[in-house]
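**Q** Just need the structure, nothing else, for what follows:
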Amino acid sequence: MSEVLQRRRFTVDEYQRMGETGILADDERLELIAGHIVVREPIGARHAGTVDRLTRLWTSRLGERAIVRVQNPVRFPKEDSELQPDVMLLRPRDDFYTTSHPAAADVLLLIEVADTSVRLERRVRIPLYARAGVRETWMCDLVSQRLEVHREPAGRRYRAVRTLVRGEPLASLAFPDVMVGVDDLLG
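**A** A predicted model of the protein is given here:
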């Protein structure tokens, strides 16, 4: 006997209301991806340490030029998604985004750190960031020890994709005067 399961997509507003009313537990690591509530993968020590390194690097180099947001929400309502990227550099705002979560237009650079989640990042999150219009996304691939730079969103992909290795320098589009090395990012 074959049964077809019906699925229901949730909007970002519905997802938020579920959290506010206690339907979703505060201590659960959840994301809304394309209308589906997804349990986040556990964070290992290498992943956590890399996020901490990136946080210190960007905070020290940019100062007041950007808000460095770590593993906190960004909303993409048109994509029925609210994700928690590892690190985002956001446009400065006086309220530090206390009145609303940032949206794609607020993101100057989005960085994902991937060890066990490389395939998920490439197949799900990065295409979603492109569809949402995030201008630039980097993925620190801890497995291959490479950095993927994704720029120029076009539909569900980025037109410009570069892979950099240790020893190579780069700068983000938002801060062309701030050079970093792949080694600075990967440790």
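**Q** Can you name the residues that contact Ala160?
**A** Val149, His150, Arg151, Glu152 (Cβ atoms under 8 Å, 6 or more residues apart in numbering). Where C-beta positions appear, they are placed from N, C-alpha and C, glycine not excepted.
**Q** So which of those residues is surrounded by the most neighbours?
**A** Highest neighbour count within the contacts of Ala160: His150, with 24 neighbours (other Cβ atoms under 10 Å).
**Q** Can you get me a residue count around Gly19?
**A** With other Cβ under 10 Å as criterion, Gly19 counts 17.
**Q** any idea how far it lies from Val70?
**A** 19 Å (Cβ to Cβ, to the nearest Å).
**Q** Over to Leu120?
**A** To Val70, Leu120 is 19 Å away according to Cβ to Cβ.
**Q** and what of Tyr158?
**A** According to Cβ to Cβ, Tyr158 stands 23 Å off from Val70.
**Q** neighbour count winner among those two?
**A** The residue with more neighbours, out of Tyr158 and Val70 and counting by other Cβ under 10 Å, is Tyr158; that gives 22 against 16.
**Q** For that one, name its beta-bridge partners.
**A** Tyr158 has the following beta-bridge partners by DSSP bridges: Pro153.
**Q** ok, it touching Leu128?
**A** No - judged on Cβ atoms under 8 Å, Tyr158 makes no contact with Leu128 at a distance of 11.6 Å.
**Q** quick check: mean pLDDT across the helix or strand Leu109 falls within?
**A** Leu109 belongs to strand 107-114 when assigned by DSSP states H and E. The average pLDDT within strand 107-114 is 97.
**Q** ok, which pair from the contacts of Ala160 is furthest apart?
**A** Across those, the two members that end up farthest from each other (Cβ to Cβ) are Val149 and Glu152, 10.7 Å apart.
**Q** Where does the most centrally placed residue in the chain sit: helix, strand or coil?
**A** For the chain, Pro85 is the residue whose C-alpha lies nearest the centre (Cα atoms, centre = their mean; 2.7 Å). When classified by DSSP: H, G, I helix; E, B strand; the rest coil, Pro85 comes out as coil.
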